[in-house]
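Asks: got a sequence here, can you build the structure:
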Amino acid sequence: MTANITLGSPVNYKISLAGNFGEPRPNHFHGGIDIKTDGVEGKPIFSMGDGYISHVSVGIGGYGNALYIHLPEGYTCVYCHLQKFTPQITAMVRKWQYANHTSTGDIHFRPTDLPVARGQLVAVSGNTGSSQAPHLHLEIHDTRTWNMLDPLEFIQNEVTDKMPPVAHGFMAYPKPGEGVFCGASTKLAFPFTSHNLNRIFSAWGKVGFGIWANDYMAITYNRYGVRRTELYVDNHLAFCSDVNDIPVNDNMMMNAWGDYEHYLQYQVWYLKSFVQPGLTLPFLYSDAQHGYINFNEQRDYHITYVLTDFRGNVNKYTFTVKGHRYAIPHKNEIHPLRALRWDRMNNYQLPGMQLIVRPNSLADMVELSPEVKFQSNKLSDAYRFMSTSFPLFNYAQISLRLKKKVKDVSKLYIVNHWNIDKYMGGDYQDGWVVGRARELGAYYEIAYDDVAPIINPIGQGAWNTRHEICIGIVDEGCGIAKYEGFIDNRFVLFENVPKSPWVKCVLSQTPIKRTGKEHILKFVVKDFRNNTRTFMAPFKY
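Replies: Model prediction:
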């Protein structure tokens, strides 16, 4: 999809990118561009076109403070990790937060509430949410489908780029049981030491390829993803990717288009130039052979990669593969009782466990390598399904049998042990706890939480001078679901302090008037199993 409008810059200085659209990331495509803000917060952010603010989100999905501007041409611009909004927007957000007794959420507006003009100040940049450093993350979506679009299509005049993408290496993927490359039936990587490799490779049968490449821009040291990749064999286009117009729900497919296994080991993405049957990314094109090249003649095959960035800067890389008759090893058959298929509902069972994987959750058929930790002193045994990380495209349903009686079954849930423990929900049903699973390499077991979160007031002695109340909230079980603050039984807003376990109330921004008299603070926090703790304290303000 090519933009049919040109938008203005969201900043008032020359744009330099920390990341571009569609870059491969674990579990997702980079859904926008990261515009540098010189390593600081507080840069003014402007509307890129005439339209209206359709909604604002606070603390949702790693975006931190985010602003959505709907354009009448059918696009929505999303500005993320903002420090703060303009006063008019902030006032409407505050009104919603007080009405709903929460600091986080999606606040939607009518078209007449907050109209904006191109170039109008709407916010200042920040480092909120899952941002690792101050910057502006900018996304543009098709308002109707919500597909992610390349923002550089809309602001080409604001970005200078004369450097073409660069390939670092290619990977050969012999199709199991149907091909070999350089005598091997396993994948092999080779560096691009020049644009035209002199080495003559050999292959027989069906082989797919993948490429490790990055785009670059002259004004910065950063590496970016490649917009367009084409693979030709003897001038026949076998595969093409043009990274744009990505459905949000296809984000997890990044792990299948890219060589996720290789990335985990080396932190380098080889992107495959062939298409597995369960991979439905709409920006991938392949021929009738799904991008595989069939080396079935004893002759030279000329392979060419063409890499193009959004500006049309191009680099080509070539190598030659000689068709050489090899014996092709038989494919290792997948055990039918441990198989998961990409095209149907899968119901996998072990004693005390059931896993239901929906269709279209995998790129291809896979074989599970299950492991069970028998735990006589726990509420359930612990189960995992792969020996390494293997995320599904969609959540699966996991059911675990409860081995012990508990006081309150509503306190049970499924926990995922992967780096940090993750709450995966859970409903008790006739001796089983039913929750969600996505990472097949994690261990899953039943957990029980009847302990309320911990509340730690911070700096009580300084409340009078700072006119702020800071509170630390921690939960070592299922996690914090909600918190509320009250002064003299009136709701007051506590907001997250970025990059910390604290929440903060700025008293001057509350309905409480400063009188110098004593007030009563009440702070209530609840976790995902409805365990609640209340903290109360007097203070003067």
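
Asks: what are the ranges of the helices in the protein?
Replies: 87-100, 254-257, 260-266, 463-466 (DSSP state H).

Asks: other SSEs contacting the longest one?
Replies: Spelled out, it's helix 87-100. Judged by 3 or more CB pairs under 8 Å, 6 or more residues apart in numbering; DSSP states H and E, helix 87-100 is in contact with strand 51-58, strand 105-108. No exception for glycine: its C-beta is placed from N, CA and C like everyone else's.

Asks: go through the ones you listed and pick out the most buried.
Replies: Highest mean neighbour count of those: strand 51-58, a mean of 22 (counted as mean count of other CB atoms under 10 Å).

Asks: elements contacting that one?
Replies: Using 3+ CB pairs under 8 Å, 6+ apart: strand 51-58 touches strand 65-71, helix 87-100, strand 105-108, strand 115-116.

Asks: redo the ones you listed as a markdown table? Include mean pLDDT and distance to D242.
Replies: Shown next, in a markdown table, are the helices and strands packed on strand 51-58 (pLDDT from 0 to 100; distance: least, CB to CB, whole Å):
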| stretch | mean pLDDT | distance to D242 |
| --- | --- | --- |
| strand 65-71 | 98 | 23 |
| helix 87-100 | 95 | 36 |
| strand 105-108 | 96 | 31 |
| strand 115-116 | 98 | 31 |
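
Asks: re the thing from before, what's the closest of the helices and strands packed on helix 87-100 to T304?
Replies: strand 51-58 (43.3 Å; CB to CB).

Asks: what comes into contact with the closest one?
Replies: 63-72, 76, 85, 89, 92-93, 97, 103-109, 111-116, 122, 495 (CB atoms under 8 Å, 6 or more residues apart in numbering).

Asks: what subset of those residues is buried?
Replies: 63-71, 76, 85, 89, 92-93, 97, 103, 105, 107, 109, 114, 116, 122, 495 (16 or more other CB atoms under 10 Å).

Asks: which of the helices of the chain sits most buried?
Replies: helix 254-257 comes out most buried of the helices of the chain by mean count of other CB under 10 Å, with a mean of 23.

Asks: list the helices and strands that helix packs on?
Replies: Using 3+ CB pairs under 8 Å, 6+ apart, helix 254-257 is in contact with strand 24-25.

Asks: partner strands of the strand it packs on and their direction?
Replies: Sheet pairing of strand 24-25 (DSSP bridges) gives strand 28-29 (antiparallel).

Asks: circling back: out of the helices and strands packed on helix 87-100, flag the one nearest G258.
Replies: Per CB to CB, nearest to G258 of these: strand 51-58, 28.2 Å.

Asks: state the mean pLDDT of the closest one.
Replies: What strand 51-58 shows for mean pLDDT is 97.

Asks: now do it against strand 65-71, angle only.
Replies: 160 degrees (axes from the mean of the first three to the mean of the last three CA atoms, to 10 degrees).

Asks: give me the domain ranges for this structure.
Replies: 17-158, 166-323, 336-448, 454-540 (automatic domain parsing).

Asks: can I get those in JSON lines with distance to L7?
Replies: Listed next are the domains of the chain as JSON lines, based on distance: least, CB to CB, whole Å:
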{"stretch": "domain 17-158", "distance to L7": "4"}
{"stretch": "domain 166-323", "distance to L7": "15"}
{"stretch": "domain 336-448", "distance to L7": "32"}
{"stretch": "domain 454-540", "distance to L7": "29"}
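
Asks: so which of these is nearest P10?
Replies: Once the domains of the chain are compared by CB to CB, domain 17-158 is nearest, at 5.5 Å.

Asks: the closest one: how far from the chain's middle?
Replies: 16 Å (CA atoms, centre = their mean, to the nearest Å).

Asks: how long is that domain end to end?
Replies: 11 Å (CA to CA, to the nearest Å).

Asks: what do you get for stretch 372-379?
Replies: 14 Å.
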